[in-house]
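Peer 1: Need coordinates for the below:
(2 chains)
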Number of protein chains: 2
Amino acid sequence: MAIILDGNDLSQEIRSELKLELNKLLANKRSPKLSVILVGDDPASSVYVRNKEKACSDVGIITETFNLESTSSEQELIQLVHSLNTNPNVDGILVQLPLPDHINEIQVINSINPSKDVDGIHPFNLGQLVQGNPIFVPCTPLGIQQILIRNNIEISGKRVVICGRSNIVGKPIANLLLQRGNGADATVTICHSRTRELASIIAEADILIAAMGQPNFITGNMVKPQSTIIDVGINRMDDPTRKRGYRLVGDVDYASVVDNVFAITPVPGGVGPMTITMLLNNTIKSWIRTNNLSGNTA
Amino acid sequence: MAIILDGNDLSQEIRSELKLELNKLLANKRSPKLSVILVGDDPASSVYVRNKEKACSDVGIITETFNLESTSSEQELIQLVHSLNTNPNVDGILVQLPLPDHINEIQVINSINPSKDVDGIHPFNLGQLVQGNPIFVPCTPLGIQQILIRNNIEISGKRVVICGRSNIVGKPIANLLLQRGNGADATVTICHSRTRELASIIAEADILIAAMGQPNFITGNMVKPQSTIIDVGINRMDDPTRKRGYRLVGDVDYASVVDNVFAITPVPGGVGPMTITMLLNNTIKSWIRTNNLSGNTA
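Peer 2: Sure, this is the predicted structure:
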């Protein structure tokens, strides 16, 4: 039987550590603060934001959420970002994506002060990641790395195959794992919609990171025996047996894969909770930097 | 017989195009200007700088070179960069690397205004490259892409294997070729000193980019038949039969590889001249942006 890489358990562990670390450092300083901007009323985005608020509150991070109308202009949004950029009480700025079509996402991301970009998606932060001296690593990639490190899964010298080349998962996790040093030094291959011979590449992966957004795409016959499978997909599948009418499935066909591999993340309860945990990590890291403290974060 | 991907010929072609483009746009505007900073008197660096000055002059770019003492402080160097950052007559700033050991290279690179970083090595520019909307791409990666595109070598869907993970070649060429769109869409694998089973990975490469700095490392029995070989290495090998006592060899053992492949870059005369040509390209691109013109560059 495969080891189930439980992201809920690991998240609890890391969140407890972060809370302890914060309490140790807090003394009579102001608490860390994360400002969240939500544009429009997409139900999924609203749920994500509420989950982030709750998780922040649990470890002692103050949140403040700005709900902008879906008709808000790009300029209004960027003005709000600028005011948060210069507000000395704000440690992290998170703009919940996706944004409405009339707003240029890249312009908004690029308007965030890189020192408060706790999502790690500003080009300056992505570039520091490429250089090998990152400050804020995007939350999902950082969470994946933590899952591997804290479960003692060797990365150095291993073949990592990443399916998917998004700006928030595929590209940054590739750049993270190919760096020198602990928790990295992997031989990294990035596959995507234009990849030919996908099956033969996947079959070589010691660590497979599935982030293409295709429900149950990776099946048991495709994976390398004894490999580690990280499933980033969160897809809704109609399921009339469920009260809400759907269930969440990953990009990996868990049932057919689980018996063939060394370790696997479930969906839900694998990568998802780690993403939020790394947002907490990055917000506390920003607060530590602002206050010129030294503390332990990822 | 393999196609020899002649970087000198291609450079001449592109430099002629750049010169024409510049003359077309120049009217009575000031000419583009590149400021070069050379610290110390390393003979190789001095040669590189002279070659860059000459190449700039040939296409109509003005250069200005600052020769700083090898004992100059990091602060002096950064102050000079800052004065060039704000000088409206300077389109490009190039700090010749490597810098003396007492100077932190990253600090100096990060002090360059990204809008004048024609070497494309500032984190903001590397991050825009990761995002998929680069302004200045590092010169060697951009030159390699031009070699492939202008020789009609298909990149989309091909397996590209990059040996070496430097900040100026390996990492940016990986990020460039895995993007969506023309001249990209490759399935990219990055190998390095920690890679196991290097031989089997190299054997799968439709396009092999050798940038590990190991003279003649890649031999004919390692490459995939009919593949394309890009040799970024420039290594000095003792050679008493030459007047200067050495010859330049690549990371690829040209003699044993050339009969087994579809196309190959020679050393010297392959990637090397293209690197300088892309510096010209980027400087003219910067000048076009500063003057709000529209013009053709890579």
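
Peer 1: CA only for contacts and neighbour counts going forward, please
Peer 2: Will do.

Peer 1: now A:Asn133: how far from A:Leu126?
Peer 2: A:Asn133 is 10 Å from A:Leu126, where distance means Cα to Cα, to the nearest Å.

Peer 1: of these two, who's got more company?
Peer 2: Neighbours were counted for A:Asn133 and for A:Leu126 using other Cα atoms under 10 Å in any protein chain shown; A:Leu126 has more, 33 against 13.

Peer 1: residue contacts, the more buried one?
Peer 2: A:120, A:134, A:137, A:172, B:123-124, B:126-127, B:130 (Cα atoms under 8 Å, 6 or more residues apart in numbering or on different chains).

Peer 1: What of A:Pro240?
Peer 2: A:Pro240 touches A:Tyr246, counting by Cα under 8 Å, 6+ apart.

Peer 1: Look up the pLDDT of it for me, please.
Peer 2: The score at A:Pro240 is 95. That number is its pLDDT.

Peer 1: Would you double-check that it falls in a helix?
Peer 2: No. With DSSP: H, G, I helix; E, B strand; the rest coil as the criterion, A:Pro240 is coil rather than part of a helix.

Peer 1: Alongside chain B, which residues does the stretch 101-250 of chain A contribute?
Peer 2: Residues of the stretch 101-250 of chain A found near chain B (Cα under 8 Å from any Cα of the partner chain) are A:122-128, A:130-131, A:156-158, A:165, A:167, A:171-172, A:175, A:178-179, A:185-192, A:194-196.

Peer 1: List only buried entries from those residues.
Peer 2: Among those, those classed as buried by 16 or more other Cα atoms under 10 Å in any protein chain shown are A:122-128, A:130-131, A:156-158, A:165, A:171-172, A:175, A:178-179, A:185-192, A:195-196.

Peer 1: Going along the chain, name the strands of the stretch 101-250 of chain A.
Peer 2: All strands of the stretch 101-250 of chain A, identified by DSSP state E, counting those that start in this stretch, fall at A:159-163, A:187-191, A:207-210, A:228-231, A:235-238, A:246-249.

Peer 1: Could you export those strands as CSV, including distance to B:Leu279?
Peer 2: Converted to CSV, those look like this (distance: least, Cα to Cα, whole Å):
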stretch, distance to B:Leu279
strand A:159-163, 32
strand A:187-191, 28
strand A:207-210, 36
strand A:228-231, 41
strand A:235-238, 45
strand A:246-249, 48
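
Peer 1: Select, out of those, the one closest to A:Lys19.
Peer 2: Nearest to A:Lys19 among the strands of the stretch 101-250 of chain A is strand A:228-231; the distance by Cα to Cα comes to 26.6 Å.

Peer 1: Can you spell out which helices and strands pack onto the closest one?
Peer 2: Using 3 or more Cα pairs under 8 Å, 6 or more residues apart in numbering or on different chains; DSSP states H and E, the elements in contact with strand A:228-231 are strand A:207-210, strand A:263-264.

Peer 1: and it, C-alpha only, in PDB?
Peer 2: The C-alpha trace of strand A:228-231 is given here as PDB (Å, rounded to 0.1, in the frame of the first residue of the first chain):
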ATOM      1  CA  THR A 228       5.700   9.500  -5.700                       C
ATOM      2  CA  ILE A 229       2.600  11.200  -7.000                       C
ATOM      3  CA  ILE A 230       1.700  14.800  -6.200                       C
ATOM      4  CA  ASP A 231      -1.800  15.600  -7.500                       C
END
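
Peer 1: same question for that strand, mean pLDDT?
Peer 2: Average pLDDT, strand A:228-231: 98.

Peer 1: So what sits opposite whichever residue of the stretch 151-298 of chain A sits closest to chain B in the bridge?
Peer 2: Using Cα to the nearest Cα, the closest approach of the stretch 151-298 of chain A to chain B is made by A:Thr189 at 4.1 Å. Beta-bridge partners recorded for A:Thr189 (DSSP bridges): A:Val161, B:Thr189.

Peer 1: List the contacts of it.
Peer 2: A:159-162, A:174, B:187-190.

Peer 1: Those: which two are farthest apart?
Peer 2: Using Cα to Cα, the pair of these lying farthest apart is A:Arg159 and B:Thr187, separated by 14.2 Å.

Peer 1: So what's the residue count around the closest residue to A:Phe262 other than its chain neighbours?
Peer 2: Using Cα to Cα, 6 or more residues apart in numbering or on different chains and skipping residues adjacent in sequence, the residue nearest A:Phe262 is A:Gln226, 4.2 Å away. By the measure other Cα under 10 Å, the count of residues near A:Gln226 is 15.

Peer 1: ok, now A:Val252?
Peer 2: Neighbours of A:Val252 (other Cα under 10 Å): 30.

Peer 1: Just say which of the helices and strands packed on strand A:228-231 is most tucked in.
Peer 2: strand A:207-210 (a mean of 26; mean count of other Cα atoms under 10 Å in any protein chain shown).

Peer 1: With just CA atoms, put it into PDB.
Peer 2: The C-alpha coordinates for strand A:207-210 follow below in PDB (Å, rounded to 0.1, in the frame of the first residue of the first chain):
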ATOM      1  CA  ILE A 207       8.200  12.100  -8.700                       C
ATOM      2  CA  LEU A 208       5.200  13.000 -10.800                       C
ATOM      3  CA  ILE A 209       3.500  16.400 -10.300                       C
ATOM      4  CA  ALA A 210       0.200  16.400 -12.000                       C
END
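
Peer 1: And it, what does it pack against?
Peer 2: strand A:159-163, strand A:228-231.

Peer 1: swap the cut-off to 10 Å and go again
Peer 2: Helices and strands touching strand A:207-210, by 3 or more Cα pairs under 10 Å, 6 or more residues apart in numbering or on different chains; DSSP states H and E, are strand A:159-163, helix A:170-177, strand A:187-191, helix A:198-202, strand A:228-231, strand A:263-264.

Peer 1: and the fifth one, how far out from the chain's middle?
Peer 2: Meaning strand A:228-231. In terms of Cα atoms, centre = their mean, to the nearest Å, the centre of strand A:228-231 is found 15 Å from the chain centre.

Peer 1: Equivalent analysis for the longest one, please.
Peer 2: Centre-to-centre, helix A:170-177 and its host chain are 11 Å apart (Cα atoms, centre = their mean).

Peer 1: What would that helix look like as PDB? C-alpha coordinates only.
Peer 2: C-alpha atoms of helix A:170-177 as PDB (Å, rounded to 0.1, in the frame of the first residue of the first chain):
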ATOM      1  CA  GLY A 170       4.000  24.300 -13.200                       C
ATOM      2  CA  LYS A 171       6.600  26.900 -14.000                       C
ATOM      3  CA  PRO A 172       7.500  27.900 -10.400                       C
ATOM      4  CA  ILE A 173       7.700  24.300  -9.100                       C
ATOM      5  CA  ALA A 174      10.100  23.500 -12.000                       C
ATOM      6  CA  ASN A 175      12.300  26.400 -11.100                       C
ATOM      7  CA  LEU A 176      12.200  25.600  -7.400                       C
ATOM      8  CA  LEU A 177      13.100  21.900  -7.700                       C
END
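
Peer 1: Report the inter-axis angle for that helix versus strand A:159-163.
Peer 2: Here helix A:170-177 runs at an angle of 160 degrees relative to strand A:159-163 (axes from the mean of the first three to the mean of the last three Cα atoms, to 10 degrees).

Peer 1: any idea of the angle helix A:170-177 forms with strand A:187-191?
Peer 2: Using the same axes, to 10 degrees: helix A:170-177 against strand A:187-191 is 180 degrees.

Peer 1: helices or strands up against helix A:170-177?
Peer 2: Using 3+ Cα pairs under 10 Å, 6+ apart, helix A:170-177 sits against helix A:123-131, helix A:139-150, strand A:159-163, strand A:187-191, strand A:207-210, helix B:123-131, helix B:170-177, strand B:187-191.

Peer 1: Out of these, which gets nearest to B:Asn152?
Peer 2: helix B:170-177 (14.9 Å).
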